[in-house]
Every structure is written in C-alpha cells, then in structure tokens.
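Asks: just a sequence and a predicted model for now, questions to come.
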Amino acid sequence: MTAVKQESADAKPAAQPGADAASASRQVLTFVLGDQTYGVDILRVQEIRGWSAVTKIPQSPPHVLGVLNLRGSIVPIVDLRMRLNLERAEYTAITVIIVLSVISGQSRRDFGVVVDGVSDVVDVDDGNVRPAPELGARAATAYIRGLVPIAERMVVLLDIDRLIGGDLAGLEESGEAA
C-alpha cells in the first residue's frame, strides 16, 4: 500500500505511526453493496479474501453468518447487507470477505464483513467529508462517519467500530455471563 501524500511543500511533515494527530487526508478502502459505494479506513483492513462457507453458530444474531478459521484465529463473519438492513443478495464468485480490526472499549478483535465486491483504495481529504444528514431515529446514521464525493459517486464512510463494535460488546457480555 502507498503512503498518504503531502498536500504541498509548506505542509507539516506526515505524522509518525502511532502519533495522535489529525491528518489532512487518509486512505479508504471502497466497496460496493448493490449500487451503493461504502468505505472504511484502510488501516483497519487486515485481509481481503474471496467468499467461503462459514461455520454457523447457534443463537447468533441474524446478521452474524458464523465463523471462519483464519490461520488459527476464529473470526466472526457479518453479512454487511443484513447489518445495514439492505436487500439480501446471493453470494457469488465476486462476493468478498473483508477482515477488519474492530475496537470496542478496551478490546480489539478481527471481524469479517461480507460485501458484494471491493472497488479501490482512494485518498480522502478530510475537508471534503460531509456529515450524514439526520434522517430520523430508524436511520443508521450513527454508523456513518461521513459522506464524500469520489469519481462522481457519493461514498458512505462507515464507522466500523460503532457498526460492528456493538457485536463485539455483545460477545464479551455473553462470555462473561457464561
């Protein structure tokens, strides 16, 4: 992957890894669900792999398809269409699982999200990101970091920690109750 480019020679040097500084731009992995494009921070992406069957777990939420064994780690797999209450689609040869690092509270865990296909890695200027409009209590805007136009398309930037992190918190609570 390529590093984020500086805007100009007068710009401050890029922050060192681990530094807590807001940067002017970030890289985002874009993917599609139906005819809509979504994006997640590229630093959260651990792996992109083709669709493969999962092991179902009894009494899991409907959007949690099951788990995969990825090099010795058990990774929950979430159907992002179901999680976002979108129309269901059949899994095909271009269906992809994006393995993401999700943070909830003090915990970090890898989750796989099933998407229709991966598009591209793009640089997003933070100044171009617009807030999601308020659409009422039933809308999932709490999971949206913002909207940004890229190549004549509106890309929905997801807050993966809020979207999937609630699942992680639920797993931790059920584990403590056992």
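Replies: That came through fine. All values reported here derive from a predicted model rather than from experimental measurement. Numbers count the residues shown, from 1 in each chain.

Asks: how far away is Pro62 from Val155?
Replies: To Val155, Pro62 is 27 Å away according to C-beta to C-beta, to the nearest Å. Just so you know, the C-beta spots here come from the backbone N, C-alpha and C atoms, and that holds for glycine as well.

Asks: between those two, which one's more packed in?
Replies: Per other C-beta atoms under 10 Å, whichever of Pro62 and Val155 has more neighbours is Val155, with 22 against 8.

Asks: what about the helices in this protein?
Replies: In the chain, the helices defined using DSSP state H lie at 80-83, 160-177.

Asks: and the shortest one, how far out from the chain middle?
Replies: Between the mean C-alpha location of helix 80-83 and the chain-wide mean there is a distance of 11 Å, by C-alpha atoms, centre = their mean, to the nearest Å.

Asks: which residues touch it?
Replies: Residues from elsewhere that reach helix 80-83 (C-beta atoms under 8 Å, 6 or more residues apart in numbering): 33-34, 38, 62-63, 87-89, 113-116, 163-164.

Asks: and Gly127, how many neighbours?
Replies: Per other C-beta under 10 Å, the neighbour tally for Gly127 reads 10.

Asks: which of the helices of the chain comes out lowest on mean pLDDT?
Replies: Of all the helices of the chain, mean pLDDT reaches its minimum on helix 160-177 (a mean of 61).

Asks: and the nearest residue to Leu80 once chain neighbours are set aside, how far from Val54?
Replies: Excluding the flanking residues, the one nearest Leu80 by C-beta to C-beta, 6 or more residues apart in numbering is Val113, at 4.6 Å. The gap separating Val113 from Val54 is 12 Å, by C-beta to C-beta.

Asks: give me the common contacts of the two.
Replies: Ile77.

Asks: more neighbours: which of these two?
Replies: Between Val113 and Val54, counted using other C-beta under 10 Å, the more crowded position is Val113 (26 against 19).

Asks: is it true that the more buried one touches Ile164?
Replies: Yes. Judged on C-beta atoms under 8 Å, Val113 makes contact with Ile164 at a distance of 7.2 Å.
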